[in-house]
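Asks: here are the coordinates; sequence isn't available:
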């Protein structure tokens, strides 16, 4: 359901804890089996056999047997999260979520209109997760001419009748705000059976928790270390919040710190460093999926930061909506126990891509380069460092070519994509226009 009825975000009542014996029993499990074990600890309303089948189906079309393999270069562990159908980390959660939606709709006989905003990769991953599925329409908003050409074409060249792309004249933050506004119209939400596929949907965050636990199991088998740091390129706080949940599930000290890596849009880095959470203008960068100022999942972390106080969390979110800023410096000791942060500028992103390729012949996409640059600044002896590789470099070929002097290899999934027929509606950043469009296309799914 995405947003709760009161406009807040949903969280589990409790976070289950894992002990060393359980982790030992999981050590040899494949990714799908581990995903079932982790997610089943939060899910009690789907029969075990059905949940296992959903998970197996969700990871059957990835192009690597390990689903999220680890590569090891220069003392870093690169967690490759781009082996799904759209070559981005969003596939790991959204393939599961698409199958979950279909399963639940078959059970109830209902229908669904999915509404989401994307800064680049969520849109295509969501579309590929539900394209052609019965009882589902999907409406995805992206900022017009502010995503990479490949990201745009991955969305707009999917011509199934249940897929609707809307390019809005504005930023991702504008699109995200409209999605929240439309979900806040409870009459419209109910009448049109709206569902969320952005990371405001808790099930998406849950699916991402799995690869943190997977990484810990595999890194500790590869390297004799007790503690692991994760460098996470993030703009919307969803991916790193999944790491925060994994940190709380695992035995104390297994995940030592989460290195929050932002690009020039540094609201989250400022928050971690000084407690200053204040809006600034959205700056276009070579890592467009992180060109965000107002992070959707930040509210979830606020809940834990305020000692699980929902009223205090709601008050803070209202203050932020009114003033565009929060002073959270009083919580700095607690924040720094969970996170450290780096903001990586454009020059450093390109230099990191170039230097990593020169040293290791391994190509980073610009988002992953943000994380690697932060990791190299924060790396400490005796602590393993895992860097999340969030997209295939071919999705950002122009940036990569500028950095290393050649285009990255083109995967078969992207061959000829820039020449394919596309379909997209361009609109102003006006929630009423989007609602009218949804209304006019509701009921077109099979």
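Replies: Cool, the structure landed. Since we're looking at a predicted model, the values are computed, not measured. Numbering: from 1, shown residues only.

Asks: Count the neighbours of residue 319 for me.
Replies: By the criterion of other C-beta atoms under 10 Å, residue 319 has 13 neighbours. Quick note: C-beta positions are derived from backbone N, CA and C, even for glycine.

Asks: Please name the nearest non-neighbouring residue to it.
Replies: The shortest distance from residue 319 to any non-neighbouring residue, by C-beta to C-beta, 6 or more residues apart in numbering, is to residue 326 (6.2 Å).

Asks: what about the one you found, how many residues close to it?
Replies: Look at residue 326: counted by other C-beta under 10 Å, it has 17 neighbours.

Asks: what residues are up against it?
Replies: If you count contacts by C-beta atoms under 8 Å, 6 or more residues apart in numbering, residue 326 has them with 277-278, 316, 319-320.

Asks: So what pairs up with it in the strands?
Replies: In this entry, residue 326 is beta-bridged to residue 277, by DSSP bridges.

Asks: Just to check, residue 193 is in contact with residue 109?
Replies: No: using C-beta atoms under 8 Å, residue 193 is not in contact with residue 109; the gap is 11.9 Å.

Asks: list the helices and strands the helix or strand harbouring residue 189 packs on?
Replies: Assessed by DSSP states H and E, residue 189 sits inside helix 186-191. Judged by 3 or more C-beta pairs under 8 Å, 6 or more residues apart in numbering; DSSP states H and E, helix 186-191 is in contact with helix 172-184.

Asks: which residues are contacting the helix it packs on?
Replies: Outside helix 172-184, the residues touching it (C-beta under 8 Å, 6+ apart) are 2-3, 7, 115-119, 141-143, 146, 168, 188-189, 194, 196, 198, 200, 282, 291-294, 296, 429-431, 434-435, 438.

Asks: hmm, try it at 7 Å
Replies: Contact with helix 172-184 is made by 2-3, 7, 115-117, 119, 141-143, 168, 188-189, 194, 196, 198, 282, 291-294, 296, 429, 431, 434-435, as judged by C-beta atoms under 7 Å, 6 or more residues apart in numbering.

Asks: Keep only those of those residues that are in helices.
Replies: Counting by DSSP state H, the part of these found in helices is 188-189, 431, 434-435.

Asks: Which one of those sits in the busiest neighbourhood?
Replies: Scoring these on neighbours with other C-beta under 10 Å, the highest-scoring entry is residue 434 at 24 neighbours.

Asks: how many neighbours does the closest residue to it other than its chain neighbours have?
Replies: Leaving aside its sequence neighbours, residue 434 sits nearest to residue 178 (C-beta to C-beta, 6+ apart; 6.0 Å). Per other C-beta under 10 Å, the neighbour tally for residue 178 reads 24.

Asks: Quick check: the gap between residue 263 and residue 160.
Replies: Using C-beta to C-beta, to the nearest Å, residue 263 is found at 33 Å from residue 160.

Asks: quick one: which of those two has more around it?
Replies: Taking other C-beta under 10 Å, residue 263 and residue 160 do not tie; residue 263 has more neighbours (30 against 14).

Asks: still on that earlier bit, may I see the contacts of residue 326 organised as CSV, with distance to residue 254 added?
Replies: What follows is those, written out as CSV (distance: C-beta to C-beta, whole Å):
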residue, distance to residue 254
277, 28
278, 33
316, 30
319, 35
320, 32
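
Asks: returning to what we had before: what subset of the contacts of helix 172-184 is buried?
Replies: Among the contacts of helix 172-184, those scoring as buried are 2-3, 115-117, 119, 141-143, 168, 189, 194, 196, 198, 282, 291-294, 296, 429, 431, 434-435 (criterion: 16 or more other C-beta atoms under 10 Å).

Asks: In strands, which of these appear?
Replies: Of the buried ones among the contacts of helix 172-184, the ones assigned to strands by DSSP state E are 115-117, 141-143, 168, 194, 196.

Asks: Include distance to residue 74 and pLDDT when you put those into CSV, please.
Replies: CSV is the format used below for these (distance: C-beta to C-beta, whole Å; pLDDT from 0 to 100):
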residue, distance to residue 74, pLDDT
115, 42, 94
116, 36, 92
117, 36, 92
141, 39, 96
142, 35, 96
143, 35, 94
168, 40, 96
194, 46, 93
196, 39, 84
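
Asks: Distance to residue 332 for those - can I get that in TSV?
Replies: Shown next, in TSV, are these (distance: C-beta to C-beta, whole Å):
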residue	distance to residue 332
115	36
116	33
117	31
141	35
142	35
143	33
168	36
194	38
196	32
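
Asks: Pick out the most distant pair among those.
Replies: 143 and 194 (21.0 Å; C-beta to C-beta).

Asks: Count the residues that sit near the nearest residue to residue 189 once chain neighbours are set aside.
Replies: In this structure, residue 189 finds its nearest non-sequential neighbour in residue 183, 5.7 Å apart by C-beta to C-beta, 6+ apart. By other C-beta under 10 Å, the residues close to residue 183 number 21.

Asks: all strands for the stretch 101-250 of the chain, in order.
Replies: 112-117, 136-143, 163-169, 194-196, 228-233 (DSSP state E, counting those that start in this stretch).

Asks: Can you tell me which of those is nearest to residue 241?
Replies: Here strand 228-233 is closest among these (C-beta to C-beta), at 9.5 Å.

Asks: what sits up against the closest one?
Replies: Residues outside strand 228-233 that contact it (C-beta under 7 Å, 6+ apart): 212, 216, 219, 239-240, 243, 254-261, 290, 367-368, 370-372, 374-375, 378, 383-388, 390.

Asks: Now with 6 Å, please.
Replies: Applying C-beta atoms under 6 Å, 6 or more residues apart in numbering, the set of residues contacting strand 228-233 from outside is 216, 219, 239-240, 243, 255-259, 261, 367, 370-371, 374-375, 383-388, 390.

Asks: circling back to that earlier point, measure the residue nearest to residue 189 to residue 421 for me?
Replies: Applying C-beta to C-beta, one obtains 32 Å for the distance of residue 183 from residue 421.

Asks: got it, and residue 155?
Replies: Distance from residue 155 to residue 421, counting by C-beta to C-beta: 13 Å.

Asks: what does residue 377 give?
Replies: Distance, residue 377 to residue 421, by C-beta to C-beta: 44 Å.

Asks: cool, and residue 392?
Replies: Using C-beta to C-beta, residue 392 is found at 23 Å from residue 421.

Asks: Which residue of these two possesses the greater neighbour count?
Replies: Using other C-beta under 10 Å as the criterion, residue 392 and residue 421 rank with residue 392 on top: 26 against 8.
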